[in-house]
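**Student:** structure, please.
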Amino acid sequence: MTKEKIQRGLDAKWAGCEIVYYDETDSTNRQARMLAREGVRHGTLVLADTQTAGRGRRGRGWISPAGEGIFMSLIVRPQVHPSQVAKTSLMLALAVAKAIERETGLDARIKWPNDIVIGGRKVCGLLLEMDATQECVESIVAGVGINVHQTAFDEEIVHTASSLDLLTGRRVSRSAIVRAFLEEYERAAALTDDEMMREYCMRSATIGQRVQVIGLDGTYTGTAQGITENGSLLVMGDDGVSREVLAADVSVRGIMGYV
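**Tutor:** Residues are numbered from 1 along each chain as shown. You can find the predicted model right below:
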């Protein structure tokens, strides 16, 4: 995986307009946020072969072994109200799922809001961070971690994670996946809100499924019924109460070990 291989044949106008590549860095999101504050262009991609301090959602670590995965952060400047950022998260997940399917033929599904799962196992996670005022988003850094060449996982995730190589039975090109992601994100960004949401829902591994929601107000189970306009998950609880879930851990029955 090199900057030159990704740029070769890249069919995008602004996504990946600049690529900043590191053999090793602490966190691509951290580096991208610094670059965003310095004013780099919309669509700049920060990419590393390995991270020493990779991060997932809710402060979790993201293991980033050298030569095995894709660890990247895309800088976007959407000029929207902060309340619209959740839609950007869905759009990114859609682009990753389409890129993986396009390059591997695998049926990549989205576990709300933005985990990519194949055959019930997680292959990709996203972490969005933003700089914003009360009225406008100045920049969003979208961190993407994709398991590509990994053949072994830590005990904590060995039963819930997989990689593209393991699932395809062949060695998948990391450069091709990154290039496809940039192209698919640019195309997704050009969709109307309705078109984007329709495509996202078609790839959802959550809608219509039994779920467990762990939030600040407690834990409950129910059935995921859909996605609202602002990107929240609509859940009909077993207690008969319909709730909008925007910030919580959601487990989907049959996916990533939840039974």
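
**Student:** when you work out contacts or count neighbours from here on, use the C-alpha atoms and nothing else.
**Tutor:** OK.

**Student:** what residues sit buried inside stretch 140-156?
**Tutor:** 140-150 (16 or more other CA atoms under 10 Å).

**Student:** so who does the residue lying closest to Val178 once chain neighbours are set aside touch?
**Tutor:** Closest residue to Val178 apart from its sequence neighbours, by CA to CA, 6 or more residues apart in numbering: Ile6 at 6.8 Å. By CA atoms under 8 Å, 6 or more residues apart in numbering, the contact set of Ile6 is 175-176, 178-179.

**Student:** who wins for neighbours among those residues?
**Tutor:** Val178 (26 neighbours; other CA atoms under 10 Å).

**Student:** what's the distance between it and Glu103?
**Tutor:** As judged by CA to CA, to the nearest Å, Val178 and Glu103 stand 10 Å apart.

**Student:** following the host helix or strand of the residue nearest to Val178, which helix or strand comes up?
**Tutor:** Assigned by DSSP states H and E, Ile6 belongs to helix 3-7. For helix 3-7, the following helix or strand on the C-terminal side (DSSP H and E) is strand 19-25.

**Student:** what are the contacting residues of stretch 95-114?
**Tutor:** Contacts of stretch 95-114 (CA under 8 Å, 6+ apart): 89-90, 92-94, 116-119, 125-126, 164, 167-168, 172, 176-177, 180-182, 184-185, 188, 200, 203-206, 233, 250, 252.

**Student:** any buried residues in that stretch, and which?
**Tutor:** In stretch 95-114, counting by 16+ other CA under 10 Å, buried: 95-104, 106, 108-114.

**Student:** what helix or strand is Lys87 on?
**Tutor:** Lys87 belongs to helix 85-104 when elements are defined using DSSP H and E.

**Student:** and that helix, average pLDDT?
**Tutor:** Throughout helix 85-104, pLDDT has a mean value of 94.

**Student:** quick check: next helix or strand after it?
**Tutor:** Sequence-wise, the next helix or strand downstream of helix 85-104 (DSSP H and E) is strand 109-111.

**Student:** CA atoms only: put the helix or strand just after that next one into PDB for me.
**Tutor:** Under the assignment DSSP H and E, the closest C-terminal helix or strand after strand 109-111 is strand 115-118. Provided in PDB are the C-alpha atoms of strand 115-118 (Å, rounded to 0.1, in the frame of the first residue of the first chain):
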ATOM      1  CA  ASP A 115     -19.700  -0.900  11.700                       C
ATOM      2  CA  ILE A 116     -19.200  -3.000   8.600                       C
ATOM      3  CA  VAL A 117     -20.000  -6.700   9.100                       C
ATOM      4  CA  ILE A 118     -19.700  -9.600   6.800                       C
END
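
**Student:** what pairs with the least confident helix or strand in the chain by mean pLDDT, parallel or antiparallel?
**Tutor:** Within the chain, no helix or strand scores below strand 249-252, which has a mean of 88 by mean pLDDT, DSSP states H and E. Sheet partners assigned to strand 249-252 using DSSP bridges are listed as strand 210-215 (antiparallel).

**Student:** what's the angle between the next helix or strand after the strand it pairs with and strand 210-215?
**Tutor:** Sequence-wise, the next helix or strand downstream of strand 210-215 (DSSP H and E) is strand 218-227. Angle of strand 218-227 versus strand 210-215, following axes from the mean of the first three to the mean of the last three CA atoms, to 10 degrees, is 120 degrees.

**Student:** strand 218-227: how far from the chain's middle?
**Tutor:** 21 Å (CA atoms, centre = their mean, to the nearest Å).
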